[in-house]
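Engineer: Quick one, what's the 3D model for this:
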Amino acid sequence: MRKDTQNWIKTAEYDLETAEDIFKIGRYPYVIFMCHLAIEKLLKAHVTEVTQSEPAKTHNLVYLVQKAGLDVPQDTMDFLGDLSNGSVPTRYPDDFDKFVGEYTKKEAEEYLRLTKEAFQWLRQHQNLKE
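Structural biologist: Residues are numbered from 1 along each chain as shown. Next up is the predicted model:
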(Lines give C-alpha, C1' and ligand atoms only; values in the text may rest on other atoms or scores of the structure.)
Protein backbone atom coordinates (compact mmCIF):
# COMPACT_ATOMS: atom_id res chain seq x y z
CA MET A 1 0.00 0.00 0.00
CA ARG A 2 1.24 3.46 -0.88
CA LYS A 3 2.45 5.75 1.90
CA ASP A 4 0.05 8.50 0.84
CA THR A 5 -2.83 6.00 0.97
CA GLN A 6 -1.84 5.10 4.52
CA ASN A 7 -1.81 8.79 5.39
CA TRP A 8 -5.33 9.27 3.99
CA ILE A 9 -6.53 6.34 6.11
CA LYS A 10 -4.91 7.61 9.31
CA THR A 11 -6.33 11.10 8.89
CA ALA A 12 -9.76 9.67 8.04
CA GLU A 13 -9.73 7.61 11.24
CA TYR A 14 -8.63 10.67 13.21
CA ASP A 15 -11.45 12.74 11.71
CA LEU A 16 -14.05 10.09 12.57
CA GLU A 17 -12.83 10.09 16.18
CA THR A 18 -13.06 13.89 16.13
CA ALA A 19 -16.68 13.66 14.94
CA GLU A 20 -17.43 11.44 17.94
CA ASP A 21 -15.74 13.89 20.30
CA ILE A 22 -17.57 16.87 18.85
CA PHE A 23 -20.88 15.02 19.19
CA LYS A 24 -20.25 14.69 22.93
CA ILE A 25 -19.98 18.46 23.35
CA GLY A 26 -23.06 19.18 21.22
CA ARG A 27 -21.65 21.04 18.24
CA TYR A 28 -23.84 19.12 15.83
CA PRO A 29 -23.18 20.96 12.55
CA TYR A 30 -19.50 20.17 12.97
CA VAL A 31 -20.31 16.50 13.55
CA ILE A 32 -21.74 16.50 10.02
CA PHE A 33 -18.67 18.34 8.71
CA MET A 34 -16.25 15.88 10.32
CA CYS A 35 -18.28 12.87 9.16
CA HIS A 36 -18.06 14.18 5.63
CA LEU A 37 -14.34 14.84 5.97
CA ALA A 38 -13.66 11.34 7.33
CA ILE A 39 -15.51 9.67 4.44
CA GLU A 40 -13.95 12.03 1.90
CA LYS A 41 -10.44 11.14 3.05
CA LEU A 42 -11.16 7.42 3.11
CA LEU A 43 -12.51 7.67 -0.42
CA LYS A 44 -9.37 9.55 -1.43
CA ALA A 45 -7.37 6.62 -0.05
CA HIS A 46 -9.32 4.37 -2.43
CA VAL A 47 -8.75 6.70 -5.36
CA THR A 48 -5.04 6.86 -4.58
CA GLU A 49 -4.72 3.08 -4.56
CA VAL A 50 -6.85 2.50 -7.66
CA THR A 51 -5.34 5.26 -9.81
CA GLN A 52 -1.86 5.21 -8.26
CA SER A 53 -1.98 9.00 -8.25
CA GLU A 54 -3.05 11.88 -6.08
CA PRO A 55 -6.83 12.30 -5.93
CA ALA A 56 -8.62 15.39 -7.21
CA LYS A 57 -9.15 18.24 -4.77
CA THR A 58 -12.89 17.78 -4.46
CA HIS A 59 -15.45 17.37 -1.69
CA ASN A 60 -17.92 15.45 -3.86
CA LEU A 61 -18.27 12.01 -2.30
CA VAL A 62 -20.25 10.54 -5.19
CA TYR A 63 -17.56 11.62 -7.65
CA LEU A 64 -14.87 10.02 -5.48
CA VAL A 65 -16.82 6.75 -5.32
CA GLN A 66 -17.03 6.75 -9.10
CA LYS A 67 -13.36 7.67 -9.53
CA ALA A 68 -12.39 4.76 -7.26
CA GLY A 69 -14.63 2.40 -9.22
CA LEU A 70 -16.39 1.24 -6.07
CA ASP A 71 -19.60 -0.77 -6.22
CA VAL A 72 -21.12 0.76 -3.11
CA PRO A 73 -24.45 -0.62 -1.84
CA GLN A 74 -27.34 1.64 -2.88
CA ASP A 75 -28.36 2.60 0.67
CA THR A 76 -24.78 3.64 1.39
CA MET A 77 -24.61 5.55 -1.89
CA ASP A 78 -27.83 7.37 -0.99
CA PHE A 79 -26.35 8.30 2.37
CA LEU A 80 -23.13 9.57 0.76
CA GLY A 81 -25.23 11.82 -1.48
CA ASP A 82 -27.09 13.14 1.58
CA LEU A 83 -23.83 13.63 3.44
CA SER A 84 -22.34 15.56 0.52
CA ASN A 85 -25.38 17.82 0.33
CA GLY A 86 -25.69 18.14 4.11
CA SER A 87 -22.13 19.26 4.59
CA VAL A 88 -22.38 22.23 2.22
CA PRO A 89 -23.95 24.55 4.83
CA THR A 90 -21.26 23.52 7.33
CA ARG A 91 -18.60 24.81 4.93
CA TYR A 92 -20.42 27.89 3.69
CA PRO A 93 -23.03 29.04 6.22
CA ASP A 94 -25.21 31.89 4.97
CA ASP A 95 -26.74 32.60 8.36
CA PHE A 96 -24.83 31.67 11.52
CA ASP A 97 -27.90 31.34 13.76
CA LYS A 98 -29.61 29.09 11.24
CA PHE A 99 -26.37 27.13 10.80
CA VAL A 100 -26.04 26.44 14.54
CA GLY A 101 -29.64 25.22 14.74
CA GLU A 102 -29.54 23.26 11.49
CA TYR A 103 -28.92 19.83 13.05
CA THR A 104 -30.46 18.37 16.18
CA LYS A 105 -28.76 15.88 18.45
CA LYS A 106 -30.89 13.11 16.96
CA GLU A 107 -29.95 14.06 13.38
CA ALA A 108 -26.26 14.32 14.19
CA GLU A 109 -26.39 10.97 15.96
CA GLU A 110 -27.95 9.37 12.87
CA TYR A 111 -25.34 10.92 10.56
CA LEU A 112 -22.62 9.64 12.86
CA ARG A 113 -24.11 6.12 12.94
CA LEU A 114 -24.45 5.96 9.17
CA THR A 115 -20.97 7.40 8.70
CA LYS A 116 -19.51 4.67 10.89
CA GLU A 117 -21.31 2.02 8.84
CA ALA A 118 -20.11 3.48 5.53
CA PHE A 119 -16.62 3.95 6.96
CA GLN A 120 -16.45 0.31 8.02
CA TRP A 121 -17.59 -0.88 4.59
CA LEU A 122 -15.03 1.31 2.85
CA ARG A 123 -12.22 0.44 5.25
CA GLN A 124 -12.72 -3.30 4.82
CA HIS A 125 -12.81 -3.12 1.03
CA GLN A 126 -10.08 -5.04 -0.81
CA ASN A 127 -8.61 -1.81 -2.23
CA LEU A 128 -7.31 -0.96 1.24
CA LYS A 129 -6.04 -4.37 2.31
CA GLU A 130 -2.42 -4.27 3.33
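Engineer: Just the element for the most centrally placed residue in the chain, please.
Structural biologist: The centroid of the chain falls nearest to I39 when counting by C-alpha atoms, centre = their mean (2.1 Å). If you go by DSSP states H and E, I39 is part of helix 28-51.
Engineer: mean confidence for that helix?
Structural biologist: Helix 28-51 shows an average pLDDT of 96 in the prediction.
Engineer: could you say what helices and strands that helix packs with?
Structural biologist: With contacts defined as 3 or more C-beta pairs under 8 Å, 6 or more residues apart in numbering; DSSP states H and E, helix 28-51 has these neighbours: helix 3-25, helix 61-68, helix 74-91, helix 105-124. The way it works is simple: take the backbone N, C-alpha and C, and place the C-beta from them, glycine included.
Engineer: Tell me which residues of that helix come out buried.
Structural biologist: Counting neighbours by 16 or more other C-beta atoms under 10 Å, one finds that the buried residues in helix 28-51 are 28-49.
Engineer: My read is that the residue nearest to the centre of the chain contacts T115, right?
Structural biologist: Yes: counting by C-beta atoms under 8 Å, T115 is a contact partner of I39 at 6.2 Å.
Engineer: Overlap in contacts, the two.
Structural biologist: L83 (C-beta atoms under 8 Å, 6 or more residues apart in numbering).
Engineer: quick one: the closest residue to T115 other than its chain neighbours and R123, what's the gap?
Structural biologist: In space, not counting the residues next to it along the chain, T115 is nearest to C35; the distance is 3.9 Å by C-beta to C-beta, 6 or more residues apart in numbering. From C35 across to R123, the span is 14 Å (C-beta to C-beta, to the nearest Å).
Engineer: Appreciated, that's everything.
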